[in-house]
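A.B. asks: sequence-free structure coming up:
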Ligand code: M6R
């Protein structure tokens, strides 16, 4: 792999997302349904519950999909961090489809969780970027994310392709169970086809994140907040920033701030607020207003102007919250990368981290 003129592999991989997400959807989106040649429709027979296990960024993709599985496929869905799942003596029942998500397919905790589920007789599925990895060899079924090699330790294109695969899977199950109207399916498929466009990066957005990085690199406490699928996106934004800039950041559900963290609010607390137009806008707005009233420094990311923000990143207006999700993902990834570059860190090989965590 070459950097092809980009400063870091991470930057190249952020820019590749639009193309790899197209690859990921290729042949899988048909006129009014989703097709996965690699799995049998019967995979969902007798299944009343989905359990997802993963680590790090893959966990965030899984958490995002847990909203989509319940909303679109109407299947009960829970998700656990693999290292927790392994030792909690989990109750596993055979009406559960066990899904693991992993870029590398080698993460020790996720692999062990998969083996436990298999041993308990559950149907298992891995969403993975590496064919012939330990997980693809172990699981009953595999869906490959087709992201191409990811070199940067901070995962970027793996996350966007995982999210798209899981969203498609939610639609696939919804159709298999006959629980989705043609109209909703058409709208979702149309939106999926628009994702590569939302992942295209304009010079304006990149420049904006570069400018913001000048000020925000001085932050020593960041809260990334969002609701619904924007909560896992907030977690992902915070993880990216921590990993490569070494600044303390937390992702939090916006509605939960008043239950403790708002006590931290002051001008030194930097809040990155994810404010989509198409999902719970008024709710997140009122959460951000509460922080602003306590003088927190706010950077809002939204298609809608928001006067109380100290800084504002305007994303394109879209008609579906998942498109806003991907528009914001780009902003968060570039924001972390630009801060890390300004701090002089090794963006691709952050300290203390490895690309593949094969020990527990
Ligand atoms: O290969 P995996 O997806 O199983 O890896 C899981 C995590 O180790 C990984 O996502 C990690 O959190 C990344 N460095 C995040 O950018």
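C.D. replies: Yep, that arrived. This is a predicted model, so every value here is computed, not measured.
A.B. asks: and residue 179, how far from residue 170?
C.D. replies: The span separating residue 179 from residue 170 equals 11 Å under the rule C-beta to C-beta, to the nearest Å. (Each C-beta comes from the backbone N, C-alpha and C, glycine too.)
A.B. asks: neighbour count for these two, which is higher?
C.D. replies: residue 170 (26 against 13; other C-beta atoms under 10 Å).
A.B. asks: tell me which element the more buried one is part of?
C.D. replies: Using DSSP states H and E, residue 170 maps to helix 157-176.
A.B. asks: which other helices and strands contact that helix?
C.D. replies: With contacts defined as 3 or more C-beta pairs under 8 Å, 6 or more residues apart in numbering; DSSP states H and E, the packing partners of helix 157-176 are helix 9-25, helix 56-68, strand 123-128, helix 182-198, helix 321-342.
A.B. asks: one more time with 6 Å
C.D. replies: helix 9-25, helix 56-68 (3 or more C-beta pairs under 6 Å, 6 or more residues apart in numbering; DSSP states H and E).
A.B. asks: out of the ones you listed, which one sits most buried?
C.D. replies: Scoring those by mean neighbour count under mean count of other C-beta atoms under 10 Å gives helix 56-68 as the most buried, with a mean of 25.
A.B. asks: which one, of the helices and strands packed on helix 157-176, ends up nearest to residue 330?
C.D. replies: helix 9-25 (6.9 Å; C-beta to C-beta).
A.B. asks: quick check: angle from the helix holding residue 170 to helix 56-68?
C.D. replies: Angle between the axes of helix 157-176 and helix 56-68 is 20 degrees (criterion: axes from the mean of the first three to the mean of the last three C-alpha atoms, to 10 degrees).
A.B. asks: quick one: contacts of helix 157-176?
C.D. replies: The contact list for helix 157-176, computed with C-beta atoms under 6 Å, 6 or more residues apart in numbering, reads 13, 16-17, 20-21, 24, 28, 33-34, 41, 44, 57, 61, 64-65, 68-69, 72-73, 101, 103, 127, 129, 143, 145, 147, 150, 180, 188.
A.B. asks: next: stretch 44-54.
C.D. replies: Contacts of stretch 44-54 from elsewhere in the structure, counted by C-beta under 6 Å, 6+ apart, are 62, 69, 75-80, 82, 85, 95-101, 110, 113, 173, 176.
A.B. asks: what's the answer for stretch 336-355, then?
C.D. replies: By C-beta under 6 Å, 6+ apart, the surrounding residues in contact with stretch 336-355 are 8-10, 152-153, 209-210, 213, 217, 240-241, 243-245.
A.B. asks: and the strands in the chain?
C.D. replies: Per DSSP state E, the chain carries strands over the ranges 49-54, 76-81, 96-102, 123-128, 141-144, 222-226, 249-253, 270-274, 297-302, 311-314.
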